[in-house]
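1. Need coordinates for the following:
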Amino acid sequence: MASSAGEASAAELLARALEVIDRQSARIDELAGENAQLREQNAQLVRVNEELRELAGDQAVRLAEANESLAVLQRMVFGRKSEKDRPGPAGAGDGDDSAGDDGGEPSGGKKNVKRGPGARAGRRGYSHLPRVEVIWDFPGGGYCCPDCGEPFTLLGTHLSGEQLDWQVTITVRGNCQRRYKKECGCPGPATVMAPGPPKAIGKGLFTNGFTAMLLTERFAAGRSMNSLVTGLARHGAGISPATLAGTVAQAARLLVPLAEAIAERNRESWHFHADETTWRVFCPGEGKGPAKWWLWVFIGADTVCFVMDPSRSGAVLARHAGLDEKTGQLLPAADGGPRRLVISSDFAAVYQSAGRKAEGLVNLYCAAHIRRHMVRAGDASPVQLKYWTQSWLALFRDLYKAHDELMAAWQEAAAPSAREKKAAAQRLENAYEDWDAAIGVIDETRKKQMQAPGLQEPAKKALARRMRDRAGDYLRFAHDLRVPFDNYPDGAVMPMFAAGGGAAGGQGGALAAWCGITSGE
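-> Next comes the predicted model:
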C-alpha cells in the first residue's frame, strides 16, 4: 500500500513537473517570439533613425544653402559690392582686409578719410566752360549823393566772385537759304539757292544736334521717354512720345552699319570679356510686352558690342564668338587657319559648355568671383566663419597686390631704357617670385583647411567648388599677362537701365548702350 502511494505521488510530481516544463517552454517560445518582434522593431527603428539623421543632414545642408542665398540676396539689395574698393597700399590697416565687405573701413571702425579745409586735393576747375560777364549796377544806372544829388564818378568794376549758371533753352531755328540772281549772259540757271542744313533724318522735325542730345539723354544718361517728354514740356516744347520714339527708331537705322562694323571688329578679337544680364523689352516682336530678354556684352581690345536677345542659350554666344552651333567647334579664321579664343567670364553654364566642346577656346574665370564665394560663405555663417573669411580676404588682398606689382614690372620691362634695363629685369623677377609665393600660400591654406575636421559646410563648399576645381582656369592669366585678372571691365560698361527706364541687372555705369547694340545679330 505504502509503495503504491509513493509511486502515485512520484507520478503526480513528475506530471506536474512536465506540466511546468511545458508551460515554461511555451513561455520561452512566446518570449522568443516577442524578442524576435522587438529585434525586428529595433532594426526598423535603427533604419528610421538613420533615415532621419540623413534627412536632418540634408535639411542642414539645405538650410545652410538657404542662409547663403539669403545672405547673397541681402547683400545685393541692401549691401555694397565687395569689389568696389580695391586693396589699399601696403601698410594700410592692420591686416583686417574687408576690401569693401564691411563698408570699406579698416579695423577700428573709423574711416581713414581726411577732413577739414586742407583735406581736398584741389577744387574742380571750370575754365573750359564759356564765360559771360554780367555787370550789376544801381537801378537806373549810376549813383548820386543822397544829400545834394551830385552823381558819383564811375571808378570801374569789381569782380565779386564767379558762379555757375544752368540754362536750358529750346529754340525754333528758321533755316533761311540765300538765293542769288545771275547778272551775266552765260548759259545756265538764272537763279541759284545755297544748300540747306544737313539732315540725318529726311524731313524730320529735329536738328541733328537735337537728335544727338536725345540719344545721349535717352541711352547714356538712362532717362526714360516719359522723363524726356516732361522735361521738354517744362521748357516750352510739347512733343509727343510717339514723335521722339520715331526719331530714335530712324536714328537706329542710320547706326546699323556702324553697329555691324563694331560687331565684326569685336568678333575678330583673340580675347574678350563676356557677360549677360536680364533686360526688360517694352514691346518686342508682335507688340506683346513687356518681356524678359537678355542683354549680352562682349568687350574686346578696342570695341564693345551689346547683343539683345530673348534667349540666354549658347546659341547667342556661338553666333558672336564664331562657333559652329552643331559641333560647338571654333569656325576657321578669315585666312582658313585655326582660331584660338580666350573668354573671360563668370561661371555660367553657357561659357563652361563652350569651353568643354571647342578646341582652341580657353575659359578664364574671374578671380573676383572666387573671392566673392569666400564672402558668401562668411555671410552664410557669420559667427563661425568671421575670422575665416577675414583671413581669406587678406590672402586675396596680397594676391591683388602681387598682381598689380607684376603688371607694373612687366610693362616697365617691356621697353626699358639702356640705363634701367637691368633694374627693370630684376624688378620683374622679384614680382614673379612674390606672385608665386602668394599663389603658394593660397594653395597650401586651401589644402590644410580641406583636411581639417569641423570646418563649416559653406566654407568647405567655397574651397571645393571654386578654389580646387577652377584654380587652373582663373589663374591662367599668370602665364600670359595680356589676359586680365578678373572680369570686371563688363561692370564698367553694362548699362544700369532697361528699355522702359527701369533698373536692370547691370553692375556698372551708364555707357551708351546704343554704341554697339544689335538685336539677335
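
2. mind showing which ranges of the stretch 201-350 of the chain have poor pLDDT?
-> Along the stretch 201-350 of the chain, segments meeting pLDDT under 70 span 283-290.

3. count of neighbours near the closest residue in space to E359 that isn't next to it in sequence?
-> Using CB to CB, 6 or more residues apart in numbering and skipping residues adjacent in sequence, the residue nearest E359 is Q329, 6.3 Å away. In short, each C-beta sits where N, CA and C put it, glycine included. Using other CB atoms under 10 Å, Q329 has 16 neighbouring residues.

4. if I pick Q329, what's in contact with it?
-> 323, 357-359 (CB atoms under 8 Å, 6 or more residues apart in numbering).

5. How much space separates it from R356?
-> 12 Å (CB to CB, to the nearest Å).

6. What segments of the stretch 351-500 of the chain are strands?
-> Remark: strands assigned in the stretch 351-500 of the chain by DSSP state E, counting those that start in this stretch are 361-365.

7. what bits of it have low per-residue confidence?
-> 464-481, 483-500.

8. tell me which element V342 falls in.
-> Element membership for V342, per DSSP states H and E: strand 341-345.

9. hmm, back to that, which one of the contacts of Q329 is nearest A43?
-> K357 (50.0 Å; CB to CB).

10. and stretch 46-55, how far out from the chain's middle?
-> 43 Å (CA atoms, centre = their mean, to the nearest Å).

11. List the neighbouring strands of the lengthiest strand in the chain plus their orientation.
-> For the chain, the longest strand by residue count, based on DSSP state E, is strand 271-281. Take DSSP bridges as the rule and strand 271-281 pairs in its sheet with strand 291-299 (antiparallel), strand 341-345 (parallel).

12. List phi and psi for the closest residue to V316 other than its chain neighbours.
-> Closest residue in space to V316, ignoring its immediate chain neighbours: D309 at 4.9 Å, by CB to CB, 6+ apart. When read as degrees, to the nearest 10, the backbone of D309 gives phi -150, psi 140.

13. Let me know whether D309 touches W294 as I believe.
-> Yes. With contacts counted by CB atoms under 8 Å, D309 reaches W294, the gap being 5.6 Å.

14. Name the residues contacting each of these two.
-> Shared contacts of D309 and W294, counting by CB under 8 Å, 6+ apart, come down to V316.

15. So which of the contacts of Q329 sit within helices?
-> Of the positions in these, K357 sit in helices, assigned by DSSP state H.

16. Report the buried members of the contacts of Q329.
-> 323, 357-358 (16 or more other CB atoms under 10 Å).

17. Just list the residues touching P338, thanks.
-> The contact partners of P338, by CB under 8 Å, 6+ apart, come to 330, 332, 360.

18. go with 6 Å
-> Applying CB atoms under 6 Å, 6 or more residues apart in numbering to P338 gives no contacts.

19. could you measure the residue lying closest to L395 once chain neighbours are set aside against V342, distance?
-> In space, and not counting its chain neighbours, L395 is closest to I442: 5.3 Å by CB to CB, 6+ apart. From I442 over to V342 the distance is 23 Å, taken as CB to CB.

20. sorry, back to before: and the residue nearest to V316, how close does it get to F272?
-> 17 Å.

21. Have a look at these two and say which one is more surrounded.
-> F272 (25 against 20).

22. So what sits opposite the more buried one in the bridge?
-> Bridge pairing for F272 - DSSP bridges - gives I343.

23. In this structure it contacts V297, no?
-> No. F272 lies out of contact with V297 (CB atoms under 6 Å); the separation is 9.3 Å.

24. anything in contact with each of the two?
-> Shared contacts of F272 and V297, counting by CB under 6 Å, 6+ apart, come down to nothing at all.

25. Neighbours of M407, how many?
-> 15.

26. cool, I262 as well?
-> 21.

27. I'd like the distance between it and A394.
-> Taken as CB to CB, the span from I262 to A394 is 42 Å.

28. could you show me where the helices are in the stretch 101-250 of the chain, in order?
-> Remark: helices assigned in the stretch 101-250 of the chain by DSSP state H, counting those that start in this stretch are 208-215, 225-234, 241-267.

29. Provide a list of residues in contact with C145.
-> C145 touches nothing, counting by CB under 6 Å, 6+ apart.

30. quick one, phi psi at E40?
-> Per degrees, to the nearest 10, the backbone of E40 is at phi -60, psi -40.

31. Just give the nearest non-adjacent residue to Y143, would you?
-> Among residues not flanking Y143 along the chain, F152 sits closest, at 4.7 Å (CB to CB, 6+ apart).

32. With W294 as the reference, measure out to the one you found.
-> Distance from F152 to W294, by CB to CB: 73 Å.

33. Which of these two has more residues huddled nearby?
-> Using other CB under 10 Å as the criterion, F152 and W294 rank with W294 on top: 18 against 10.

34. The more buried one and L214: what is the separation?
-> For W294, the distance to L214 - CB to CB - is 26 Å.

35. Same question for L164.
-> In terms of CB to CB, L164 sits 24 Å off from L214.

36. who has more neighbours, those two?
-> Using other CB under 10 Å as the criterion, L164 and L214 rank with L214 on top: 20 against 6.

37. coming back round to it: any chance of JSON lines for the contacts of Q329, columns distance to A64?
-> Listed next are the contacts of Q329 as JSON lines, based on distance: CB to CB, whole Å:
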{"residue": "L323", "distance to A64": "37"}
{"residue": "K357", "distance to A64": "33"}
{"residue": "A358", "distance to A64": "36"}
{"residue": "E359", "distance to A64": "39"}
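
38. Please identify which pair of the contacts of Q329 lies farthest apart.
-> L323 and E359 (11.1 Å).
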